[in-house]
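Asks: model the following, please.
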Amino acid sequence: MKFNTEEKGLHTLFKPYQAILLEYIWKLNKIDHVCVTSGEAYKHLSGTSEKKSRASVIFSLNDMVDDGILDFEDRTGKGGHHRAYFPKMSRDEFAVYAYNLITSKLKKAFPTK
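Replies: The predicted structure follows:
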């Protein structure tokens, strides 16, 4: 995540296609626990104006796992093991998480005496 003060909403922290992916995964998980494969995420993104390569989608989803936003289940299938992604936190919980992450970083970067 990189903070861009020129943008609004999720676009302040993510590239447009990454924000679309997050919104899609959160929307699917409003009621039930739903896992999304990289293929499903790629297919969803292909129907938007933000077309990216399948590799870009996979790297972005894995980065969101590393950042603690998403989690995954390991599944077996054609070609071996695959990740199926789901949100580790709701959209509202993410807002609190991002706020705390940014403010704590600012306090470290610019400590008050």
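
Asks: show me where this protein has its strands.
Replies: Along the chain, the segments classed as strands by DSSP state E run 36-37, 70-77, 80-87.

Asks: most packed of the ones you listed?
Replies: Neighbour counts (mean count of other CB atoms under 10 Å) averaged over each of the strands of the chain peak at strand 36-37, with a mean of 20. C-beta: built from backbone N, CA, C; applies to glycine.

Asks: that one - what's its average pLDDT?
Replies: Average pLDDT, strand 36-37: 95.

Asks: tell me what that strand is packed against?
Replies: Applying 3 or more CB pairs under 8 Å, 6 or more residues apart in numbering; DSSP states H and E, one finds that strand 36-37 contacts helix 16-28, strand 80-87.

Asks: tell me how far the shortest one lies from the chain's centre.
Replies: Meaning strand 80-87. Between the centre of strand 80-87 and the centre of its chain there are 14 Å (CA atoms, centre = their mean, to the nearest Å).

Asks: contacting residues around Y24?
Replies: By CB atoms under 8 Å, 6 or more residues apart in numbering, Y24 lies in contact with V36, A41, H44.

Asks: go ahead and confirm the first one touches R83.
Replies: No. In terms of CB atoms under 8 Å, V36 does not count as a neighbour of R83; the distance is 9.6 Å.

Asks: for G68, which of the helices and strands packed on strand 36-37 is the nearest?
Replies: Of all the helices and strands packed on strand 36-37, strand 80-87 sits nearest to G68, with 10.7 Å by CB to CB.
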